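Undergrad: How does the following fold in three dimensions:
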Amino acid sequence: MISFQPSPNLHAPRLLFLGAHSDDIEIGCGGTARKLLDTYPTSPVLWVVLSGNEQRQNEARASAELYLQARDHAEVITAQFRDGRFPYDAAEIKEFFADQLQGFNPDVVFTHCRDDRHQDHRIVSDLTWQTFRNNVVLEYEVAKYDGDLSCPNFFVEVSEHGVRRKVHDLESCFGSQRSKQWFDEVTFRGLMRIRGIECAAESGYAEAFHSRKLKAF
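TA: You can find the predicted model right below:
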């Protein structure tokens, strides 16, 4: 488990958040994103959602605005790759990564888990690792019907206030998803509670990630 304490000897990290769909970033790492953005108000941020019709793109932008709060050095990109068809569009998505994202050179990348059973999620994770070979990559998790949750090895504690804020923003921003049986407070809070138990978080809640490579410096 880590905590974020700004140091005068470290620059504000460059942060890249990647999501295949309009709510993936917020579900997978919304609490962690808030902590980082609050701790490092001058951090350059690139927030990228790779698919969505007009309604879902509008939802993605509304949510990103809540997180980024019109901060300087922040950019939101919403692309229009075909939902559910990423394996067939992988070449075009890889070109997008190279042309639109690689030059940002982030210190930390938040992306989907490599072992996620959703085909779009897996492609995003694979392309993240191909594109950002020399960057720190943290893979977040998204609970779903496929039952692909495994054992993460990197935990970030989320306060009770952070949990409430994450749930509120998800429910208020993503109206198109409210009819889905899994899209509710019980799901979001429940997974964070389990991860909080696993890392003995004082608040009782945490978000978890897969960290496959970390470089010491």
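
Undergrad: CA only for contacts and neighbour counts going forward, please
TA: Noted.

Undergrad: Would you map the strands across this protein?
TA: When secondary structure is read from DSSP state E, the chain shows strands at 15-19, 45-51, 74-81, 108-112, 136-140, 154-157, 206-210.

Undergrad: a markdown table please, covering those strands and showing distance to residue 163, mean neighbour count and mean pLDDT.
TA: Listed next are those as a markdown table, based on distance: least, C-alpha to C-alpha, whole Å; neighbours: other C-alpha atoms under 10 Å; pLDDT from 0 to 100:
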| stretch | distance to residue 163 | mean neighbour count | mean pLDDT |
| --- | --- | --- | --- |
| strand 15-19 | 19 | 23 | 98 |
| strand 45-51 | 21 | 22 | 98 |
| strand 74-81 | 23 | 17 | 97 |
| strand 108-112 | 19 | 25 | 98 |
| strand 136-140 | 16 | 23 | 97 |
| strand 154-157 | 10 | 23 | 98 |
| strand 206-210 | 9 | 26 | 98 |
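
Undergrad: Same list (the ones you listed) but as TSV, adding distance to residue 32.
TA: Compiled in TSV, the strands of the chain are given as follows (distance: least, C-alpha to C-alpha, whole Å):
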stretch	distance to residue 32
strand 15-19	11
strand 45-51	14
strand 74-81	17
strand 108-112	10
strand 136-140	10
strand 154-157	7
strand 206-210	7
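
Undergrad: so where's the protein shaky on pLDDT?
TA: Under the criterion pLDDT under 70, the flagged ranges of the chain are 1-10, 216-217.

Undergrad: So for it, the centremost residue is which one?
TA: Among the residues of the chain, the smallest C-alpha distance to the mean C-alpha position (C-alpha atoms, centre = their mean) belongs to residue 25, namely 3.2 Å.

Undergrad: for the residue lying closest to it once chain neighbours are set aside, what are its contacts?
TA: The spatially closest residue to residue 25, leaving aside those adjacent along the chain, is residue 19, at 5.3 Å (C-alpha to C-alpha, 6 or more residues apart in numbering). Shown in contact with residue 19 (C-alpha atoms under 8 Å, 6 or more residues apart in numbering): 25, 48, 49, 50, 111, 112, 121, 124.

Undergrad: one more time with 10 Å, if that's ok
TA: When contacts are counted by C-alpha atoms under 10 Å, 6 or more residues apart in numbering, residue 19 is found next to 25-28, 47-51, 60, 78, 110-112, 120-121, 124-125, 140.
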